[in-house]
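A predicted structure for the sequence below; I have some questions about it.
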Amino acid sequence: MEFILNKKNKKGLSVVIATVILVALTLAAIGIIWTAVNTLVEDSTEGAESCFNLFEKVSIEDRYTCYNVTSGETVFSISVGDVDLEGVLVGVATNTTGVSLALVKGGSLIPGLRMFNGSSTVFSPAKNSGESYVLSGLNGTPRLVEIIPVVGGTECDIIDTVEDFGSC
């Protein structure tokens, strides 16, 4: 009779051990999956964090954006609020062509583009400032100007667009 009781106790004990092992394996699997998903989400959103809340802080000044029919030059102005940009990508498109311009903090020479004040070295606007630019050499009348800020090494989405602007 003693042998039968020990056998029953062992069966009950093995069910408890199996349940504990299943719970431990489930928790381990959840931990591994959580770590993988968390790392993936953090890597995906790391660059995007720097682009949050830029819509109010970086814009094209509509009233200073125009096309001079006589000279064939496009004038556009970019305003930057309380944000430190590494640069601004500018796209200008006509009905048939387009041009992309990379305005950087340290300044650069870009053929066909100059600062409104006449300087051939063009800079992206600094924090809490604005700059105006003159672009020449486009084939046709420009129909839109759009800007993409570069913050923390990340190119954000198009943040502002001006379409169908008037003459200077």
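That came in fine, so what should we check first?

domain ranges for the protein, per the record?
Listed domain ranges for the chain are 2-45, 51-163 (source: automatic domain parsing).

how far off centre is the last one?
When you say that, I think you mean domain 51-163. Relative to its parent chain, domain 51-163 has a centroid offset of 16 Å by C-alpha atoms, centre = their mean, to the nearest Å.

could you work out the end-to-end span of that domain for me?
23 Å (C-alpha to C-alpha, to the nearest Å).

would you map the strands across this protein?
Assigned by DSSP state E, the chain shows strands spanning 58-60, 66-68, 73-80, 87-94, 98-104, 108-109, 113-115, 121-122, 129-135, 142-151, 154-155, 160-163.

what does the third one contact?
Counting by C-beta atoms under 8 Å, 6 or more residues apart in numbering, strand 73-80 makes contact with 57-61, 64-68, 88, 90, 92, 103, 116, 124-136, 138, 142, 145, 147, 162, 168, all of which sit outside it. Yep, even glycine has a C-beta here, placed from its N, CA and C like the rest.

that strand pairs with which strands, and in what direction?
strand 58-60 (antiparallel), strand 66-68 (antiparallel), strand 129-135 (antiparallel) (DSSP bridges).

any chance of a ChimeraX selection covering the buried ones in the contacts of strand 73-80?
This is the ChimeraX syntax for the buried subset of the contacts of strand 73-80, where burial follows 16 or more other C-beta atoms under 10 Å:
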select :57,58,59,60,64,65,66,67,88,90,92,103,124,125,131,132,133,134,135,138,142,145,147,162
